[in-house]
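J.: Dropping a prediction and its sequence here:
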Amino acid sequence: MQSVVKSKLALILTVILFCGFSFRNNSEVKPAKILTQMFDSIKGIKTLRQSVHAIERIENHFNTSFSEIKLQTSPRKLYYHNKLKKIEILYNAETSLHKAYVKPHVFPYLTLSLDPSGNIMRKNQHYSINELGYDFIGKSVALTIKKDKDGINKFTYLGKVVKNGYTCYFLEYENKSYNYTPYVVGDRETASLISYKLCVNDYLLRNKNNLLNEFGYIKKGSVLHVPTLYCQKAILYIDERLMLPVCLSLYDDAGLFESYEYTGIELNKPFQKEEFTKDYKGYGF
């Protein structure tokens, strides 16, 4: 599945690159060129340190989280610390491909070994730890363009602004044709698999069909209502120096459903090998 998705995204980015240098009008060329440079910057990330402020709509309310992240892209290694929720997560693909260490600093203070894609770790979350980092953003933008045939032309460049201390290119995407359409579930399909296949947002599909915390196979023949587009509206603030987003907000027909702000961004600074082990100084596993 991942190799198919990567092939699709590579084709999408090639189209974007072509479009970016085919426009004649300067006001048209900027969104495509900015997005192309953003994709190039994402591909160049080997290590990442950042703080993340996330706002995610769960049914009719919003969950807020503040976290610090250390990430190595290949092989994938991740340390996640949410001080507000008093939780630490450690994932190392070299030592445990399908499990992550999870330490909730509340009673009974046990370190757990859990599946990052399983029900427990994904409950009341829009995404799993597999989506942390900038690959997720690149994928989201690419899928938006993939799903909307005229997607690249729906991006508008609104000038430069300062966001969280970063001087940014301000981009907006909007397509008012956003709606839902019926989909008949096939054999051994999950909500995530359907979302990937149809190039739509996983959370929006789950939310519309009361599947927010259902991560297993859906009954074959069930009829789901799936979004016709990845989102109705997106707002991106892309730092002019890093050429990476420092804020991304997505909207559906009901309004904002998720927003992520990134600060303290450090790229491609080497990690000590011990930083992705439970015994590293300062960790609480």
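T.: Cool, got the structure.
J.: how about the helices in the stretch 51-200 of the chain?
T.: 119-122, 134-147, 191-198 (DSSP state H, counting those that start in this stretch).
J.: so where is the stretch 51-200 of the chain shaky, pLDDT-wise?
T.: The stretch 51-200 of the chain contains no residues with pLDDT under 70.
J.: Apply 80 and report the result again.
T.: 149 (pLDDT under 80).
J.: show me where it has strands.
T.: Using DSSP state E, counting those that start in this stretch, the strands of the stretch 51-200 of the chain run over residues 61-72, 77-82, 87-92, 100-104, 112-114, 155-163, 166-174, 180-184.
J.: contacts for the third one?
T.: Read that as strand 87-92. 75-82, 100-105, 116, 129, 276-278, 283-285 (CB atoms under 8 Å, 6 or more residues apart in numbering). (C-beta placed from N, C-alpha, C; glycine too.)
J.: and what of the shortest one?
T.: By CB under 8 Å, 6+ apart, the surrounding residues in contact with strand 112-114 are S96, K99, A100, Y101, V102, K103, P104, I120, M121.
J.: Distance check, the nearest residue to the fourth one once chain neighbours are set aside against D115.
T.: The shortest distance from Y101 to any residue that is not its chain neighbour, by CB to CB, 6 or more residues apart in numbering, is 4.3 Å, and that residue is L90. Here L90 is placed at a distance of 14 Å from D115 (CB to CB, to the nearest Å).
J.: Put the alpha carbons of stretch 110-126 into PDB.
T.: C-alpha atoms of stretch 110-126 as PDB (Å, rounded to 0.1, in the frame of the first residue of the first chain):
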ATOM      1  CA  LEU A 110       3.500   1.200  33.500                       C
ATOM      2  CA  THR A 111       5.500   1.300  30.300                       C
ATOM      3  CA  LEU A 112       3.300  -0.300  27.500                       C
ATOM      4  CA  SER A 113       4.300  -1.800  24.200                       C
ATOM      5  CA  LEU A 114       1.500  -0.900  21.700                       C
ATOM      6  CA  ASP A 115       0.700  -1.000  18.000                       C
ATOM      7  CA  PRO A 116       1.000   2.600  16.700                       C
ATOM      8  CA  SER A 117      -2.000   1.900  14.300                       C
ATOM      9  CA  GLY A 118      -4.100   0.100  16.900                       C
ATOM     10  CA  ASN A 119      -7.200   1.200  18.700                       C
ATOM     11  CA  ILE A 120      -5.500   2.300  22.000                       C
ATOM     12  CA  MET A 121      -2.900   4.600  20.500                       C
ATOM     13  CA  ARG A 122      -5.300   6.100  17.900                       C
ATOM     14  CA  LYS A 123      -8.300   6.600  20.100                       C
ATOM     15  CA  ASN A 124      -9.600  10.200  19.900                       C
ATOM     16  CA  GLN A 125      -6.700  11.100  17.500                       C
ATOM     17  CA  HIS A 126      -6.900  12.200  13.900                       C
END
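J.: Alright, that wraps it up for me.
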